[in-house]
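Participant: generate a structure from the sequence data that follows.
(one chain, ligands or ions: 2)
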Amino acid sequence: MIIKVPKGTQDILPQDIPQWNYVENSIKEVLKKYGYQEIRTPLFEHTELFVRGIGASTDLVTKEMFTFLDRKGRSLTLRPEGTAPVLRAYLENKMNRISPVVKLFYLGPMFRREKPQAGRFRQFHQFGMEVIGAASPEADAEVIIASMEVYRELGLKNLKVLINSVGCKDCRPRYIQKLKEFIKDKLEVLCSECKERYHKNPLRILDCKRESCQKIIRETPVITEYLCLDCQQHFKEVRSYLEALGVGYLLEPHLVRGLDYYTKTAFEIISGELGAQNAIGGGGRYDGLAEELGGDPTPAVGFAGGIERIILAMNQQNIKWPEARDLKVFIAIPTQEKDHKLRAFKLLQEVRKAGLSTDIDYSSKSLKAQMRLAHKLGVKYTVIMGEEELLKDSVILRNMQTKEQKEIRINSLVKELTSNK
Ligand SMILES: [Zn+2]
Ligand SMILES: [Zn+2]
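Facilitator: Ligands and ions are numbered 1, 2, ... in the order given. Alright, predicted model coming up:
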């Protein structure tokens, strides 16, 4: 029996790579335009980083992390998200010395032990951006606008921003008190997990997707009515910046997001037809995270979105992908004679050197089979190295679209091909 990929993981096969490259390149282009610089952090970190950063009682930390001991018994965890590692790198490398506000983006695999289901993987890919060192509401607005542009640039339709404020360490406790009072006599109806959350981390009840819990969640008091003046003002200004740029948003007062580190702004971006609205990414402000990780107080705001979700949404919305494979030239040889193959091999390199993606068939098939392959590969030109022509130092150049072919001297082939790119 052959060995298969671990549960919840997948291969990204050559035929899918052009889509991935297209999405990743497009994300990078947009974020560079907004002044973000790429950062790459390790795939695993000390477990403590996530326990302290994300919150010890979140689902992510209690149930979904891939944690293991190294040979010296130290606990390590495959990164389940990108913000805590980026902030760790920022603090460790004292990046605040470079400039007061640092804008970073990342792109890569994350790991969560989720129940495998359609579109959810245990190794999945995220891109994200972080503005570190900025307390101003413009930074929140910019992150929302930049993430919207990422999706818009890829052609995703019906984009909407859901926005909320989750308060700060001064005003949130008051809200949590109200929330507990409200839920207290309804505790019996909540799912067993929410019963536990009620004691450990009541705000997380608002994340529960179970319909029985949702019914109660919809009735709970909303956090925006309990915000302190500073949080109120901040939330108002974020919205005014969005309004100034004509970015539509919906207030979603029960949106809290699954991680403990959010403060003030929390938002999600959804794309798709009404009725099938799915969050394709989300983010928010996390002013307390740097201190939680042992650094100086550092305000920050960020966003993260899944690459698999983007590809799924683009396919659902029938968005046209770029050419799957961009091979320009194919070299076909009618004989398998050694000297003949050598000449073809040399010519192959010459055409490649001229900057044209070129390939040849190594499986020694008939000329007819090679022509079929060239057609299947979708190349623009096929160079046929016929025996007769070779004697005259010529080849046949066939335009695969017009089906025209002509004899051409080998030493003018590259010139001909590059002039007709
Ligand atoms: Zn507050
Ligand atoms: Zn529940």
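
Participant: pull out the buried residues from stretch 151-171.
Facilitator: Buried positions in stretch 151-171, judged by neighbour count with 16 or more other C-beta atoms under 10 Å: 151, 154, 156, 159-168, 171. For every residue, glycine as well, the C-beta is placed using N, CA and C.

Participant: likewise for stretch 375-388?
Facilitator: For stretch 375-388, by 16+ other C-beta under 10 Å, it's 377, 379-386.

Participant: between the residues you listed, which sits nearest ligand 1?
Facilitator: Distance to ligand 1 across the buried residues of stretch 375-388 (C-beta to the ion) is lowest for Leu377, with 60.0 Å.

Participant: which non-adjacent residue is nearest the closest one?
Facilitator: Leu327 (5.1 Å; C-beta to C-beta, 6 or more residues apart in numbering).

Participant: kindly report the residues of this structure close to ligand 2.
Facilitator: 191, 194, 208, 210, 213 (C-beta under 5 Å from the ion).

Participant: relative to Leu187, how far out is the last one?
Facilitator: I take that to be Cys213. Distance of Cys213 to Leu187, given as C-beta to C-beta, to the nearest Å: 11 Å.

Participant: so those two - more neighbours on which side?
Facilitator: Cys213 (21 against 13; other C-beta atoms under 10 Å).

Participant: for that one, what are its contacts?
Facilitator: 189-191, 194, 205 (C-beta atoms under 8 Å, 6 or more residues apart in numbering).

Participant: now the strand or helix carrying it: buried residues?
Facilitator: Using DSSP states H and E, Cys213 maps to helix 211-217. Buried residues in helix 211-217, counted by 16+ other C-beta under 10 Å: 213, 216-217.

Participant: reformat the buried residues of stretch 151-171 as TSV; add secondary structure and distance to Val30.
Facilitator: Below are the buried residues of stretch 151-171 laid out as TSV (DSSP: H, G, I helix; E, B strand; the rest coil; distance: C-beta to C-beta, whole Å):
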residue	secondary structure	distance to Val30
Tyr151	helix	9
Leu154	coil	9
Leu156	coil	13
Leu159	coil	14
Lys160	strand	19
Val161	strand	16
Leu162	strand	21
Ile163	strand	20
Asn164	strand	25
Ser165	strand	26
Val166	coil	27
Gly167	coil	30
Cys168	coil	30
Cys171	coil	34
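
Participant: farthest pair in the residues you listed?
Facilitator: Using C-beta to C-beta, the pair of the buried residues of stretch 151-171 lying farthest apart is Leu154 and Cys171, separated by 37.0 Å.

Participant: I'd say Leu308 and Phe121 touch.
Facilitator: One thing to correct before we go on: residue 308 is Glu, not Leu. Yes: Glu308 is in contact with Phe121 according to C-beta atoms under 8 Å; the separation is 6.4 Å.

Participant: count of residues packed around Gly82?
Facilitator: So Gly82, with other C-beta under 10 Å, has 23 neighbours.

Participant: got the contact list for it?
Facilitator: 41, 106, 108, 110, 126, 128, 304.

Participant: buried subset of the residues you listed, written for ChimeraX?
Facilitator: Buried residues among those (16+ other C-beta under 10 Å), as a ChimeraX selection:
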select :41,106,110,126,128,304
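
Participant: Val23 - that's part of a helix, no?
Facilitator: Yes: under DSSP: H, G, I helix; E, B strand; the rest coil, Val23 falls within a helix.

Participant: tell me the pLDDT of the residue nearest to it when sequence neighbours are not counted.
Facilitator: Nearest residue to Val23, sequence neighbours excluded (C-beta to C-beta, 6+ apart): Ile310, at 5.5 Å. For Ile310, the pLDDT comes out at 92.

Participant: now do the SS call for Ile310.
Facilitator: helix.

Participant: for it, give its distance to Glu153.
Facilitator: For Ile310, the distance to Glu153 - C-beta to C-beta - is 11 Å.

Participant: again, but for Phe44
Facilitator: Relative to Glu153, and taking C-beta to C-beta, Phe44 is found at 32 Å.

Participant: still on that earlier bit, only alpha carbons, please: show the helix holding Cys213 as PDB.
Facilitator: The C-alpha trace of helix 211-217 is given here as PDB (Å, rounded to 0.1, in the frame of the first residue of the first chain):
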ATOM      1  CA  GLU A 211     -27.600  27.200  16.300                       C
ATOM      2  CA  SER A 212     -28.900  26.700  19.900                       C
ATOM      3  CA  CYS A 213     -26.200  29.000  21.200                       C
ATOM      4  CA  GLN A 214     -26.600  31.500  18.300                       C
ATOM      5  CA  LYS A 215     -30.200  32.000  19.300                       C
ATOM      6  CA  ILE A 216     -29.100  33.300  22.700                       C
ATOM      7  CA  ILE A 217     -26.100  35.100  21.300                       C
END
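
Participant: quick one: average pLDDT of it?
Facilitator: The predicted confidence, averaged over helix 211-217, sits at 89.

Participant: so how far is that helix from its chain's centroid?
Facilitator: 30 Å (C-alpha atoms, centre = their mean, to the nearest Å).

Participant: can you offset everything so residue one is 50?
Facilitator: Okay, residue one is now 50; in that scheme the one you just asked about reads as helix 260-266.

Participant: tell me the helix or strand right after it.
Facilitator: Assigned by DSSP H and E, the successor of helix 260-266 is helix 278-293.

Participant: where in the stretch 250-399 of the chain is pLDDT low?
Facilitator: Applying pLDDT under 70 to the stretch 250-399 of the chain flags residues 307, 322-326, 372-374.

Participant: which bits of it sit near ligand 1?
Facilitator: Residues of the stretch 250-399 of the chain lying near ligand 1 (C-beta under 5 Å from the ion): 277, 280.

Participant: quick one, helices of the stretch 250-399 of the chain?
Facilitator: Secondary structure of the stretch 250-399 of the chain (DSSP state H, counting those that start in this stretch): helices at 260-266, 278-293, 338-341, 356-365, 387-402.

Participant: and those helices: which comes nearest Pro134?
Facilitator: Of all these, helix 338-341 comes closest under C-beta to C-beta, at 11.4 Å.

Participant: tell me which residues in that closest one are buried?
Facilitator: 338-339, 341.
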